[in-house]
Structure formats: C-alpha cells, structure tokens
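[1] prediction below, plus the sequence it came from.
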Amino acid sequence: MDPISTASTDWTIARTAGAILRNLRDLGFRVRDPEARQQLCNIVTQVQDLIAAASDLEEENRDLRDIVTNMYCDLLVDQEQGQSDIGLSAR
C-alpha cells in the first residue's frame, strides 16, 4: 500500500470511529434507564480502546513497512555493488 492510500485509510477509520463515538454519546444522553446508560458508557470505553489499539497497530505497520523498505533498498545496493565488483574483476 502506498503512503497516500495508507494515510487516506487511516483518516477514514478515524473519522468513522469518531462518528460512532458521537452517535453512542448522543444515544447515551437520550437514554433514561441508568443500566442501559451504563452499558452505553461501557461500549464507548471499549470503542475508544479499540481505536487506540488500531492506532498502535497502524504505527507498528508503518514502522515495519519502513524496515522492510530499507532492507530491500540495502539488498538492491548490495546486489549492484556485487555486480560492479564482478564487472571489474572480469577486465
């Protein structure tokens, strides 16, 4: 996935999660039953925890993607240097 589509996906997830939280909070204000309101509060907390976990995973994915990209670039450089060394020794 390219960086632009990754950022776009991150933004879409954050925007959707924010809308879910707003809707749950709005619903919580309209609910009169204390038990139902508490359940909604628990759901909001769980959604917030999921959002935080998703954010952590996205950050980890970016870090891993950077590591893999750097390893691939290093491999390409090593291959190019190996080929140029072979070319010099053949002369």
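    All right, it came through fine. Numbers count the residues shown, from 1 in each chain.
[2] from here on, just use CA atoms for contacts and neighbour counts.
    Noted.
[3] got the buried residues for the helix or strand bottoming out on mean pLDDT in the chain?
    The helix or strand with the lowest mean pLDDT-type score in the chain, counting by mean pLDDT, DSSP states H and E, is helix 3-30 (a mean of 80). Within helix 3-30, the residues scored as buried using 16 or more other C-alpha atoms under 10 Å are 17, 21, 24-25, 28.
[4] could you export the residues you listed as CSV, including distance to D66?
    Output for those, formatted as CSV (distance: C-alpha to C-alpha, whole Å):
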residue, distance to D66
A17, 26
L21, 32
L24, 36
R25, 38
G28, 42
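[5] off-centre distance for the least confident helix or strand of the chain?
    Remark: helix 3-30 is offset 14 Å from the chain centroid, using C-alpha atoms, centre = their mean, to the nearest Å.
[6] how about the buried residues of helix 3-30, which pair is most distant?
    A17 and G28 (16.4 Å; C-alpha to C-alpha).
[7] hang on, the earlier thing: does anything pack onto the least confident helix or strand of the chain? Which helices or strands?
    Contacts defined by 3 or more C-alpha pairs under 8 Å, 6 or more residues apart in numbering; DSSP states H and E place helix 3-30 against helix 34-90.
[8] what is the mean pLDDT for the helix it packs on?
    Regarding helix 34-90, the rounded mean pLDDT is 84.
[9] once you drop chain neighbours, what's closest to the spatially most central residue of the chain?
    The residue lying closest to the centre of the chain (C-alpha atoms, centre = their mean) is E58, at 1.9 Å. Nearest non-adjacent residue to E58, counting by C-alpha to C-alpha, 6 or more residues apart in numbering: D10, 7.8 Å away.
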